[in-house]
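J.: Got a sequence here, can you model it:
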Amino acid sequence: MRKLFLSFFAFFLLISCSTLPQKTVDEKGSYAWEPEKFELNQQNQAFSAEGAVTMWIDVEQFKGKFTGDYQILSSAPEKWRMIITGPFNISVATVIINGETANIFHEGIWDRGPWNEISKQLFNASVDGDLFSVMLGGRFRFEGECAELGNGEKLCRKNGIYYKIAEEKVVEIASGDLYIVSEKKIRIPAGKGRRGKSKKQSRSAVEKLQRWIGVNRGKPAFIFENKYLDASAELPESLFEMPQPDEPDIFDEL
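T.: Below you'll find the model as predicted:
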């Protein structure tokens, strides 16, 4: 019985490990690079996105896998607000990002630090605004170099980050030790969003579940599953400013 259990456990472990997507981008390949400039999802300049997130957190006191929900808002390429909740909608962390600096609220206090370092702790990899915008379905402005791969695909590079594009959509990203692959699952929007707006009526409602899997140094880093995107949400600038100690957070009033 023990041998049977161990064999089953080993098989299960093999199946679990094999679910990681395979990287197809070859950064060292020989390509005919040409200057190129374009913008994807121009209609989603400012947006609010919701979905599920899995993170392999790299912080000593919370090290390990976490699965919860996210709401991420962005009013500009350098301005972000991220709210992460756990089971029963319990608040886990709020992060306000302004350029390269971030303020994170957790365990009742605000901490401040470089977003590059904080993102490594949360997502086990460095994730900048461009990567967030691509994964969430927001605007993505590109100015760099691209090369045709054939079959309607092309590879683009900007600031050391490579984007594989098919049918005018990013399908894979490679950034150093990190690569991110997208998957799609059919999903029929139903019910209402966090602000009571019918998802079927929203022009930006996601009709297919978009799942982005990040792998860093051969190990899972994060999974984003997009469920809803609203490009008509009003996002006051105060949402992207850290509240003073003696005033309530504006997000609590929404």
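
J.: Quick one: mean pLDDT over stretch 148-165.
T.: If you average the pLDDT over stretch 148-165, you get 95.

J.: In it, which residues are buried?
T.: Using 16 or more other C-beta atoms under 10 Å as the test for burial, stretch 148-165 gives 149, 154, 155, 156, 157, 161, 162, 163, 164, 165. C-betas here are computed from N, CA, C, even on glycine.

J.: which of those sit farthest apart?
T.: Farthest apart among the buried residues of stretch 148-165 by C-beta to C-beta are 149 and 161. That separation is 16.7 Å.

J.: hang on, the earlier thing: dump the buried residues of stretch 148-165 into a markdown table; add distance to residue 88 as well.
T.: Formatted as a markdown table, the buried residues of stretch 148-165 follow (distance: C-beta to C-beta, whole Å):
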| residue | distance to residue 88 |
| --- | --- |
| 149 | 46 |
| 154 | 45 |
| 155 | 43 |
| 156 | 42 |
| 157 | 43 |
| 161 | 37 |
| 162 | 40 |
| 163 | 37 |
| 164 | 38 |
| 165 | 39 |
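
J.: between these, which is closest to residue 110?
T.: For the buried residues of stretch 148-165, the nearest to residue 110 is residue 161 (29.8 Å; C-beta to C-beta).

J.: Return the residues in contact with that closest one.
T.: 130, 131, 173, 174, 175 (C-beta atoms under 8 Å, 6 or more residues apart in numbering).

J.: Equivalent analysis for residue 145, please.
T.: Contacts of residue 145 (C-beta under 8 Å, 6+ apart): 33, 34, 35, 36, 156, 157, 158.

J.: farthest-separated two in those residues?
T.: The most distant members of those, if one measures by C-beta to C-beta, are 34 and 158, lying 13.4 Å apart.

J.: Residue 113: how many residues sit nearby?
T.: 12 (other C-beta atoms under 10 Å).

J.: can you tell me how far it sits from residue 165?
T.: 33 Å (C-beta to C-beta, to the nearest Å).

J.: now residue 209
T.: Per C-beta to C-beta, residue 209 is found 20 Å from residue 165.

J.: Then residue 83?
T.: 30 Å.
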